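Undergrad: give the three-dimensional model of this entry:
(2 chains)
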Amino acid sequence: MGGLDDLYQQLILDHYRNRRGRGRIEKPSASVHEHNPVCGDECFLDIRVEDNRIVEIRADGDGCSISQAAASMLTEVVADKDLNEALEIVEHFRLMMHGGAEPDEDLLGDAIALEGVAKYPVRVKCALLSWLALRDAIASYREITAHGG
Amino acid sequence: MTTTGSPALDARAIRAEFPMFVAQRPDGRPVHYLDSAATSQKPQVVLDAMNAYYCETNANVHRGVYEMAAEATDRFESGRTAAARLINHPREALVLTKNATEAINLVAWAWGVRELREGDEIVVTEMEHHSNIVPWQIVAAMTGAKVLFAPLTPQGEVELDALRALIGPRTRMVAAVHVSNVLGTINPVREIVEMAHQADALTMIDATQSVPHMPVDATAIGSDFLVFTGHKMLGPTGIGALAATPERLNAMEPFLGGGEMISDVTTEGSTWAEIPWKFEAGTPPIAEAVGLGAAVEYLEALGMDRVREHERATAEMMIDALGEVPGLTILGPRDPDRRGAAVSFTLDAVHPHDIAQFLDSKGVCVRAGHHCAKPLMRVLGTQSTTRASAHVYTTDEDILALRDALIECRTWFGV
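TA: Coordinates of the predicted model:
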């Protein structure tokens, strides 16, 4: 069952059982709700932005171990990152999921453990759900500030 | 175990007739295929019949003058005859489609768009597959009609009194599934059809999960429309059927226009071919119809009563085996007489995707997700379930492998 251990590395199971950054932010700068059409899983992602940095990020919703671990890792990896940096990390993660990037641990932190998911096309969506939600949240934040600010 | 007049099916012997089970997976994993509600495996005779059509008489149907074309037409039309015979329905009123979804869309467009008016009501149940919801929502949006949902009991059966109360003078169509693809529930379709007819509403029965597994008599059910699909009944993909009353089909305008479906075409306009061809525009799925015919003959040779008895016994064993898994909850009826062998369940906090992935590592193939029934998932208060489903080739070993893998899965994910 090497394949299974490859997919579900201990780090993933650890993040799944002990979720980091779970919940909602009371007054978020931007908030996004995404769902996975394959399984119906939902993800609520809130960010609070100050001086163009993510000062707080939280993800909520139910899902499989891959989606929950990916969300947990995301909240750690992009915490206190500048918005452009965060987008760069998300893009690197997205490419890794599609088998198009050599994973860079400095960028991805614990999320490098999700590398094995790329081999399971149906599960890639699980891993990407919260990460793409962050991309949308940043876009939404920029839209709000461009129009409102 | 209930006893029937004839001996039970020998699932092990049946497996030997399915190349998928004879072939080895590259890594030598066993194949415990428990996803037949999604699509069934195909016996060698079905593949051979399709191959023989291509090798021996490949020609377009209906118009060719040469002998080979006539043979192709014969083989194609024999597929229709077999499918109609299986469900005791007149062959001229059996329209071949791409699948059950297309068959429902055919009715939604050819009947619904033309006939529905503002304020008319279409009644469906909360356990419908998206294919018996979305086409109605589309035509409702076009016509101003409404789609109403009959609720379910906590046991996962249609609340018949509530359904009766929903059907009224505005009801034009009652569309219900025969056997639920999620809960396995067998619905009392004759009773539902009678209820609808008393209110002068038409009826559509989605028999996708029943025709492959039990004797289905479309004439006795008496619905205006009944649909099913080939690939869940040991046949190929790309072929399904709409069985309708001849009067209804004659009264309806075509769905798709093109070759094959006309009587005459002039620059001023066209007239239509006789039924069922009026509803079969373009070159049909010929090899697929041939394969469907072979699948029907295979099922008939097994005997649909015995197929149902195997399914009933399999459902019973599956429910007992799943009951041995700690933390597991079965959705839908427990009584094997009231259900098919598609069994959905949840397992503590382990997500269905994780269950299905873990089971795959043990060679157990199940489905995880919303099963194209999101309104039902909301009723059940969940986003997704895991579903194991059987067919004639499902053995006791498959079910025990499922049980054992689930017990191990729970430990593995540490819940």
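
Undergrad: dump the residue contacts of the most centrally placed residue in chain A.
TA: Taking Cα atoms, centre = their mean as the criterion, residue A:131 is the residue nearest the geometric centre of chain A, at 3.0 Å. Neighbour list for residue A:131: A:70, A:74, A:90, A:93, A:94 [criterion: Cβ atoms under 8 Å, 6 or more residues apart in numbering or on different chains]. No exception for glycine: its C-beta is placed from N, CA and C like everyone else's.

Undergrad: which helices and strands does the helix or strand hosting the third one pack with?
TA: Element membership for residue A:90, per DSSP states H and E: helix A:83-97. For helix A:83-97, the elements it packs on are strand A:53-60, helix A:105-108, helix A:121-148, judged by 3 or more Cβ pairs under 8 Å, 6 or more residues apart in numbering or on different chains; DSSP states H and E.

Undergrad: I'd like the contacts of residue A:131 written out as CSV, with neighbour count, distance to residue A:33 and pLDDT added.
TA: Supplementary listing: the contacts of residue A:131 in CSV, determined by neighbours: other Cβ atoms under 10 Å in any protein chain shown; distance: Cβ to Cβ, whole Å; pLDDT from 0 to 100:
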residue, neighbour count, distance to residue A:33, pLDDT
A:70, 30, 17, 96
A:74, 30, 16, 97
A:90, 22, 17, 97
A:93, 29, 20, 97
A:94, 17, 19, 96
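
Undergrad: okay, now residue 15: neighbour count?
TA: Went with chain A since none was named. By the measure other Cβ atoms under 10 Å in any protein chain shown, the count of residues near residue A:15 is 26.

Undergrad: sorry, I should have been clearer: chain B.
TA: Neighbours of residue B:15 (other Cβ under 10 Å): 20.

Undergrad: could you list every residue that touches the closest residue to it other than its chain neighbours?
TA: Sequence neighbours aside, residue B:21 is the residue nearest to residue B:15 in space, at 4.3 Å (criterion: Cβ to Cβ, 6 or more residues apart in numbering or on different chains). Applying Cβ under 8 Å, 6+ apart, one finds that residue B:21 lies in contact with B:15, B:31, B:33, B:41, B:393.

Undergrad: just those: which are in helices?
TA: With helices taken from DSSP state H, the overlap with the contacts of residue B:21 comprises residue B:15.

Undergrad: and the closest residue in space to residue A:33 that isn't next to it in sequence, its phi and psi?
TA: Taking Cβ to Cβ, 6+ apart as the measure, residue A:33 lies nearest to residue A:44, with 5.4 Å between them; neighbours along the chain are not counted. Reported as degrees, to the nearest 10, the phi and psi values for residue A:44 are phi -110, psi 120.

Undergrad: wait, residue A:44 touches residue A:23, no?
TA: No. Counting by Cβ atoms under 8 Å, no contact exists between residue A:44 and residue A:23, whose distance comes to 9.2 Å.

Undergrad: comparing the two, which shows the higher neighbour count?
TA: Neighbours were counted for residue A:44 and for residue A:23 using other Cβ under 10 Å; residue A:44 has more, 20 against 12.

Undergrad: and the gap between the residue nearest to the centre of chain A and chain B?
TA: 17 Å (Cβ to the nearest Cβ, to the nearest Å).

Undergrad: any idea how many residues pack against the residue nearest to residue B:144 when sequence neighbours are not counted?
TA: Counting by Cβ to Cβ, 6+ apart, residue B:144 lies nearest to residue B:118, which is 3.4 Å off, once chain neighbours are set aside. Here the neighbour count serves as a burial measure; for residue B:118 (other Cβ under 10 Å) it reads 8.

Undergrad: tell me which element residue B:118 falls in.
TA: Going by DSSP H and E, residue B:118 is not part of any helix or strand.

Undergrad: wait, it touches residue B:145, no?
TA: Yes. The pair residue B:118 and residue B:145 qualifies as a contact (Cβ under 8 Å) at a distance of 7.3 Å.

Undergrad: what sits in contact with each of residue A:44 and residue A:23?
TA: Joint contacts of residue A:44 and residue A:23 (Cβ under 8 Å, 6+ apart) are residue A:60.

Undergrad: which other helices and strands does the helix or strand containing residue B:163 contact?
TA: Counting by DSSP H and E, the element that carries residue B:163 is helix B:160-166. Using 3+ Cβ pairs under 8 Å, 6+ apart as the contact criterion, the secondary-structure elements in contact with helix B:160-166 are strand B:121-125, strand B:146-150, helix B:189-198.

Undergrad: how about the last one: buried residues?
TA: Just to be clear, that refers to helix B:189-198. Of the residues in helix B:189-198, those buried by neighbour count under the rule 16 or more other Cβ atoms under 10 Å in any protein chain shown are B:189, B:192, B:193, B:195, B:196, B:197.
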